[in-house]
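K.L.:
All I have is the shape, not the residue letters:
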């Protein structure tokens, strides 16, 4: 099914653009350049986060944290390898990217941990960043119950990532 | 906040690594992290460039505006207090559609427009978020992307035999997370709705009461 989605999104959008008389090639080039620029813009942040994530991983600190949390997260079958991802995902998108890359490297993308990490990554967002940008833009400091509600969504996502991979894959 | 996270991780790693006898591993990690970033970038740059190109076509052909109509009834259900046919409703719908299509570059500016339209519609907010704003931000903090292109790219780059296999799970999980977030918004919003209702009833008995109440802490939600 996933394959069809990719094909349909790519070909369907180009076809739709053609019908609407959009100069598809030129527009693609413009957009691609913009994508290149935004990718380059996140590179310094990626360098910084790769540094601290690979250091923390090499120090053995995460293994200790994972073992400490194992009884809690093991209850819902969440793999311990995904603990760092769960911690960094709401705070930093580039950080999460670095962490998931690391998980893929150690356990492989098709392992249980690799699949759960993928689902976690795909179904959650950089919560705190979004809250800061959206409310900041209209000068709102008192965000009411936004943070608890958004974190409930994140936590539900983390738990459901493990559940769906266990039961549907 | 990122300053503390960055510094904290580096310092904890250094101390932990030295104390637990992993200092050579930590040193290697420092030396190799730069090239690790470049490898990650090689994967990410191409994907971002490609999908941004495709989505630029979607944007220019006004695909988002067409899809907006389909979404309006759902948005009205979730955020019933938005003015029907108003700017806020329009931008909220367009933002959600852009998110679904993975048009990150379009979604954020539209989201910010939606926020300012909501703040205009609401009038006197005094630096406090309205319930609609909170619901809207929660929707944006849950990932609604139909096709997480970046994730699929790094999965196939890492040698996955079925990079797309996770998509049904991603959808189910996204829906569950969003439902939990909205449910939480609804539950936590109940006290404010009660205040609002009480204020409306008390308002009937004259302006004096109303003034007293609007000085109160939680009465600012009401129009």
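P.N.:
All right, it came through fine. For clarity, every value in this text was computed on a predicted model and none was experimentally measured.

K.L.:
would you list every one of the strands in chain B?
P.N.:
In chain order, chain B shows no strands, with DSSP state E as the criterion.

K.L.:
Report the residue spans of it with pLDDT below the cut-off.
P.N.:
Flagging of chain B using pLDDT under 70 yields the residue ranges B:1-2, B:203-223.

K.L.:
Would you map the helices across it?
P.N.:
Applying DSSP state H to chain B gives helices spanning B:2-19, B:23-60, B:63-78, B:87-101, B:104-122, B:131-141, B:149-157, B:167-203, B:207-214.

K.L.:
what's next to the first one, contact-wise?
P.N.:
Where contact means Cβ atoms under 8 Å, 6 or more residues apart in numbering or on different chains, the residues beyond helix B:2-19 that reach it are A:48-49, A:51-53, A:55-56, A:58-61, A:64, A:91-92, A:95, B:22-23, B:25-26. To be clear about C-beta, it is placed using only N, CA and C from the backbone, and glycine gets the same treatment.

K.L.:
Name all residues that make contact with residue A:146.
P.N.:
A:131, A:135, B:129, B:134, B:137-138.

K.L.:
Now list the buried members of those.
P.N.:
Burial by neighbour count, 16 or more other Cβ atoms under 10 Å in any protein chain shown: within the contacts of residue A:146 this picks out A:131, A:135, B:129, B:134, B:137-138.

K.L.:
coming back round to it: let me know the closest of the contacts of residue A:146 to residue B:75.
P.N.:
Within the contacts of residue A:146, distances to residue B:75 taken as Cβ to Cβ reach their minimum at residue B:138, with 13.4 Å.

K.L.:
Could you double-check that residue A:32 sits in contact with residue B:52?
P.N.:
Yes - at 5.9 Å, residue A:32 counts as touching residue B:52 under the criterion of Cβ atoms under 8 Å.

K.L.:
you'd agree residue A:139 is up against residue B:126?
P.N.:
No - the pair formed by residue A:139 and residue B:126 falls short of the contact definition of Cβ under 8 Å, at 10.3 Å.

K.L.:
The two: which is more packed in?
P.N.:
Between residue A:139 and residue B:126, counting by other Cβ atoms under 10 Å in any protein chain shown, residue A:139 is the more crowded of the two (10 against 7).

K.L.:
tell me the SS of that one?
P.N.:
The assignment at residue A:139 comes out as coil when based on DSSP: H, G, I helix; E, B strand; the rest coil.

K.L.:
List the residues that contact it.
P.N.:
residue B:127.

K.L.:
gap between it and residue B:89?
P.N.:
To residue B:89, residue A:139 is 22 Å away according to Cβ to Cβ, to the nearest Å.

K.L.:
next one: residue A:76
P.N.:
Separation of residue A:76 from residue B:89 (Cβ to Cβ) stands at 38 Å.

K.L.:
try residue B:163
P.N.:
With distances taken as Cβ to Cβ, residue B:163 is found 37 Å from residue B:89.

K.L.:
Check residue B:83 too.
P.N.:
In this structure, residue B:83 lies at 7 Å from residue B:89, with Cβ to Cβ as the measure.

K.L.:
now do residue B:54
P.N.:
Residue B:54 sits 28 Å away from residue B:89 when distances are taken as Cβ to Cβ.

K.L.:
Just want to know which of the two has more residues nearby.
P.N.:
Looking at residue B:54 and residue B:89 with other Cβ under 10 Å, you find the greater number of neighbours at residue B:54, namely 26 against 22.
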